[in-house]
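**Student:** only the shape, not the letters, is given here:
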Ligand SMILES: [Zn+2]
């Protein structure tokens, strides 16, 4: 017999391996941070003994989801103001408070978002915001895997007065986390309309120096395209291309307003795209041509975007929205089938983020694993686990979330922190936000 730390028995194991194998009555052997073996229960139980056994025979066990784009700390603004024009929403509701944000509020909001993501099956997320050191602290504490970046935006910002200060801040954060097993600090530039071409190119050079990914919001709305055409005579993707910023290290968030020629260039250059369907719908920006991008061979991942424009960080809801939106907008029920959507939320997410050993349940991969309790009326009967994952599940079936071999959420409990303390702190942040909004209205 071989020895391992843990053995799981799973009712259904959705491996997401090369053959997209689904094993009914499966066994998974885990040791340290890694998956040692996956196969039929009969074989695994005859081959392995573990220090701990967990029975998930009433569950789907699958790879943890990858939320490839969000602004976690914005959970503190969730539900503060909805159903508004973007500029009205920003200028009258978000900016008055955002400009007073403290490191503590960013830490608290990020921690709440980590709790929400663990609760709903996300094990890895990519985040762009400010006070990113506090985001790193929250992620480290809760135990998720994160690609966490101080947004590059034309200075002055709340966290740096000049670009030189900004680059120093970003370099320092990178140095401090370069050896962390779960946290990476790639470079994320905000957008073409909040940076100059020089700042974009400098940020890209820094990403190449770090050997990290370079990410940016791009082609999110018609108004962004109009601004870019007006200022540079080029559409956003053409603009980035002309600056030499497309390539295998580049990840574009949104790509709603992309022409067929731009899709070709994204594909040719090996650039990845993150689709954020709910944010695009809520802000009235339209539907990204995801099926066209996939047909062209682009790696398309899935993200929730910030919780103030969604309003959650739930990747199960996002998967359903992605599938339904693509069919609704294209008029083609065959567009974006369930398996492709699940690939976007697992394999493609990991690939776009540059994480080679994440996104599959396969020997040698990281033990980033979730279990969904499927003994529930809305998930019966069971013909296809993938269909249920994408179309019927809502994320609240997740009963276990494991990252890098550590359990971060287990049947209502978070082993790493006191959830009641966190909720109490969030109530205090809410009071602080409301009193700041009142003050800004008086002025
Ligand atoms: Zn965003």
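**Tutor:** Good, I have the coordinates. On a predicted model such as this, the values are computed, not experimentally measured, just so you know. Numbers count the residues shown, from 1 in each chain.

**Student:** buried residues in the lengthiest helix in the chain?
**Tutor:** Ranked by residue count, the top helix of the chain under DSSP state H comes out as helix 419-442. By 16 or more other Cβ atoms under 10 Å, the buried positions in helix 419-442 come out as 422, 425, 426, 429, 432, 433, 436, 437. From N, CA and C alone the C-beta is placed, and that goes for glycine too.

**Student:** which SSE is immediately downstream of the least confident helix or strand in the chain by mean pLDDT?
**Tutor:** Scoring the helices and strands of the chain by mean pLDDT, DSSP states H and E places helix 86-89 at the bottom, with a mean of 80. Next helix or strand after helix 86-89 toward the C-terminus (DSSP states H and E): helix 95-98.

**Student:** packing partners of the very next helix or strand once past that next one?
**Tutor:** Using DSSP H and E, the helix or strand that directly follows helix 95-98 along the chain is helix 103-119. Judged by 3 or more Cβ pairs under 8 Å, 6 or more residues apart in numbering; DSSP states H and E, helix 103-119 is in contact with strand 122-129, helix 132-142, strand 398-403, strand 406-410, helix 419-442.

**Student:** pLDDT weak spots in the stretch 151-300 of the chain?
**Tutor:** The model of the stretch 151-300 of the chain has no residue with pLDDT under 70.

**Student:** which stretches of it form strands?
**Tutor:** 183-184, 187-189, 214-218, 250-254, 272-275, 300-302 (DSSP state E, counting those that start in this stretch).

**Student:** so which elements touch the longest helix of the chain?
**Tutor:** Short answer (3+ Cβ pairs under 8 Å, 6+ apart): helix 419-442 packs on helix 95-98, helix 103-119.

**Student:** export those helices to a markdown table and tack on mean neighbour count, distance to residue 389 and mean pLDDT?
**Tutor:** Converted to a markdown table, those look like this (neighbours: other Cβ atoms under 10 Å; distance: least, Cβ to Cβ, whole Å; pLDDT from 0 to 100):
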| stretch | mean neighbour count | distance to residue 389 | mean pLDDT |
| --- | --- | --- | --- |
| helix 95-98 | 17 | 35 | 86 |
| helix 103-119 | 24 | 16 | 98 |
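
**Student:** select, out of these, the one closest to residue 415.
**Tutor:** Smallest distance to residue 415 across the helices and strands packed on helix 419-442 (Cβ to Cβ): 10.4 Å, for helix 103-119.

**Student:** phi and psi next, for the residue nearest to residue 54 when sequence neighbours are not counted.
**Tutor:** Leaving aside its chain neighbours, residue 54 sits nearest to residue 8 (5.1 Å; criterion: Cβ to Cβ, 6 or more residues apart in numbering). Per-residue torsions, residue 8: phi -110, psi 140 (degrees, to the nearest 10).

**Student:** returning to what we had before: closest to residue 110 out of the helices and strands packed on helix 103-119?
**Tutor:** helix 132-142 (3.9 Å).

**Student:** mean confidence for that closest one?
**Tutor:** Averaging pLDDT along helix 132-142 yields 98.

**Student:** residues in contact with it?
**Tutor:** 72-73, 103-104, 106-107, 110-111, 114-115, 118, 127, 129, 145-146, 148-150, 173, 176-177, 180, 182-183, 185, 408, 414, 416-417 (Cβ atoms under 8 Å, 6 or more residues apart in numbering).

**Student:** for it, buried residues please.
**Tutor:** Quick answer for helix 132-142 (16+ other Cβ under 10 Å): 132, 133, 134, 135, 136, 137, 138, 139, 140, 142.

**Student:** quick one, that helix and helix 419-442 angle?
**Tutor:** 160 degrees (axes from the mean of the first three to the mean of the last three Cα atoms, to 10 degrees).

**Student:** quick one: helix 132-142 to chain centroid distance?
**Tutor:** Remark: helix 132-142 is offset 15 Å from the chain centroid, using Cα atoms, centre = their mean, to the nearest Å.

**Student:** swap in stretch 32-45?
**Tutor:** 27 Å.

**Student:** contacts for it, please.
**Tutor:** 2, 4-5, 7, 9, 13, 15, 23, 25-30, 47-48, 181, 361-367, 369, 404-405.

**Student:** with stretch 97-116 instead?
**Tutor:** 70, 72-77, 127, 129-131, 133-135, 137-139, 141-142, 144, 158, 307, 312-314, 409, 414, 417, 419, 422, 425-426, 429, 432-433, 436-437, 440.

**Student:** now do stretch 389-404, average pLDDT.
**Tutor:** 98.

**Student:** show me what counts as buried in stretch 332-343.
**Tutor:** Within stretch 332-343, judged by 16+ other Cβ under 10 Å, the buried ones are 335, 336, 337, 338, 340, 341, 342, 343.

**Student:** the fifth one contacts residue 294, correct?
**Tutor:** Yes: contact status for residue 340 versus residue 294: in contact at 6.6 Å, counting by Cβ atoms under 8 Å.
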